[in-house]
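Novice: Attaching a predicted model along with its sequence, questions to come.
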Amino acid sequence: MDVEATLTAHLVGRHLADVKRREYDWSFGFGDAGASGLSGECPWRIIVANRIAFASSDDGQQFGLATPLDGEKIALSLLGAKIIERVSIRPDTGDVSIFFSGNSVLEVLNMSSGYEGWQIGIPGLQIIATGGGELAVFQKRES
């Protein structure tokens with residue numbers, strides 16, 4: 001199975017509908033009432049016009065501003081109105097990049113040789129980036 005092609009086929013044309021900071025991870029929902037989502041227990045960043053516009057490590061930082069940065073709001077403001085164009089997964093590390101219109105990319109960086117970094121679910125399929133950079137792919141039974 002070509003995981004990139006399968007994810008791209010499902011996600012193309014959708015948008016980032018919600019972002020949530022949870023206790024140990026971040027979740028990203030893709031415009032179809034929760035049927036497609038990515039969760040990551042690893043660092044992520046948003047690149048806009050070939051520059052880092054925001055990273056998970058920026059959440060809660062003040063950087064001399066009046067209030068701390070809100071990663072949920074910023075991620076949605078950077079990507080929420082943009083359309084997904086394709087998905088790419090780095091074969092050696094398992095990093096996933098979701099390319100949006102407007103020269104914007106959400107990169108989720110698998111950072112461990114032992115722990116799972118991220119997982120994405122679409123109808124009928126669950127993909128997990130395992131420690132070391134391999135992918136585990138599971139067929140899901142929809143109820």
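Specialist: On my side now, so go ahead. Numbering: from 1, shown residues only.
Novice: from here on, contacts and neighbour counts on C-alpha atoms
Specialist: Noted.
Novice: R51: neighbouring residues, count only.
Specialist: R51 has 10 neighbouring residues, counting by other C-alpha atoms under 10 Å.
Novice: Could you list the low-confidence segments of this protein?
Specialist: Low-confidence segments of the chain (pLDDT under 70): 32-34, 142-143.
Novice: For this structure, just list every one of the strands.
Specialist: All strands of the chain, identified by DSSP state E, fall at 18-21, 26-29, 37-40, 44-48, 51-55, 84-89, 96-100, 104-108, 118-122, 125-129, 135-139.
Novice: Kindly state which of the ones you listed is positioned closest to H10.
Specialist: Shortest separation from H10 across the strands of the chain is recorded for strand 118-122, at 7.4 Å, computed as C-alpha to C-alpha.
Novice: who touches that closest one?
Specialist: 7, 10, 35-42, 108, 110, 126-130 (C-alpha atoms under 8 Å, 6 or more residues apart in numbering).
Novice: okay, the strands of the chain in CSV with distance to S77 next?
Specialist: As requested, those are arranged in CSV below (distance: least, C-alpha to C-alpha, whole Å):
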stretch, distance to S77
strand 18-21, 10
strand 26-29, 13
strand 37-40, 18
strand 44-48, 11
strand 51-55, 11
strand 84-89, 15
strand 96-100, 13
strand 104-108, 12
strand 118-122, 22
strand 125-129, 27
strand 135-139, 30
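Novice: right, so those: which one is the most enclosed?
Specialist: strand 104-108 (a mean of 24; mean count of other C-alpha atoms under 10 Å).
Novice: So in that sheet, which strands flank that strand, and in what orientation?
Specialist: Partner strands and pairing direction for strand 104-108 (DSSP bridges) are strand 44-48 (antiparallel), strand 96-100 (antiparallel).
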